[in-house]
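# below is the structure, and that's it, no one-letter string:
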């Protein structure tokens with residue numbers, strides 16, 4: 001079981017702002033925790049019946065938790081994906097919460113649940129981009145990976 005300190009640290013994700021939105025000029029961008037909540041909300045509405053909804057929700061909630069320590073690393077940061085994975089793996093292992101298996105499953109993309117959650121990650125970003133476009137920003141780059149549904 002996670003310690004009080006570990007839980008408090010993980011809850012710090014509420015204060016980690018999504019770096020891609022900042023870079024794009026979004027005023028008052030969402031936190032990483034808000035993004036994870038958005039994915040979990042989408043999961044409750046869109047999860048196929050043949051998938052394990054509890055596992056999908058765990059993946060949604062915990063897939064980015066390492067960012068409380070390493071920050072929100074984006075493709076624009078020019079950090080190799082292997083290095084990003086290493087940094088995030090080390091962060092999760094050092095946090096004292098039970099998220100190692102969830103993070104490994106999400107990164108490996110070998111289960112139907114992890115692949116669905118990757119889609120939700122992109123869908124949440126695309127829908128959030130539509131919300132932020134009211135600020136007269138071109139955020140089409142954030143919507144390019146999601147097919148019409």
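Right, received. Where do you want to start? Not measured: the values here are computed from a predicted model.

# check which helix or strand covers the residue most central in space within the chain.
Central residue of the chain (C-alpha atoms, centre = their mean): residue 64, 4.5 Å from the mean position. Under DSSP states H and E, no helix or strand contains residue 64.

# what of residue 21?
Per DSSP H and E: residue 21 is located in helix 19-23.

# give me the contacts around stretch 108-115.
Identification of contacts with stretch 108-115 by C-beta atoms under 8 Å, 6 or more residues apart in numbering yields 50-52, 55-56, 59, 105-106, 118. Quick note: C-beta positions are derived from backbone N, CA and C, even for glycine.

# now the end-to-end length of it.
From its first residue to its last, stretch 108-115 covers 9 Å (C-alpha to C-alpha, to the nearest Å).

# how distant is the helix holding residue 21 from the center of its chain?
14 Å (C-alpha atoms, centre = their mean, to the nearest Å).

# please identify the buried residues of that helix?
Within helix 19-23, the residues that count as buried by 16 or more other C-beta atoms under 10 Å are 19-21.

# show me which of these is closest to residue 135.
For the buried residues of helix 19-23, the minimum distance to residue 135 (C-beta to C-beta) is 10.1 Å, reached by residue 21.

# what sits against that closest one?
29-30, 128, 132.

# in TSV, list these along with distance to residue 68, neighbour count and pLDDT.
Formatted as TSV, the contacts of residue 21 follow (distance: C-beta to C-beta, whole Å; neighbours: other C-beta atoms under 10 Å; pLDDT from 0 to 100):
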residue	distance to residue 68	neighbour count	pLDDT
29	17	18	98
30	15	19	98
128	20	22	97
132	23	20	97
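
# can you redo these as CSV with secondary structure and distance to residue 36?
Below are the contacts of residue 21 laid out as CSV (DSSP: H, G, I helix; E, B strand; the rest coil; distance: C-beta to C-beta, whole Å):
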residue, secondary structure, distance to residue 36
29, coil, 14
30, coil, 10
128, helix, 12
132, helix, 18
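
# out of those residues, which is nearest to residue 80?
residue 29 (25.1 Å).

# could I get the contacting residues of the closest one?
Contacts of residue 29 (C-beta under 8 Å, 6+ apart): 17-18, 21-22, 132.

# from residue 49, how far off is it?
For residue 29, the distance to residue 49 equals 34 Å [C-beta to C-beta, to the nearest Å].
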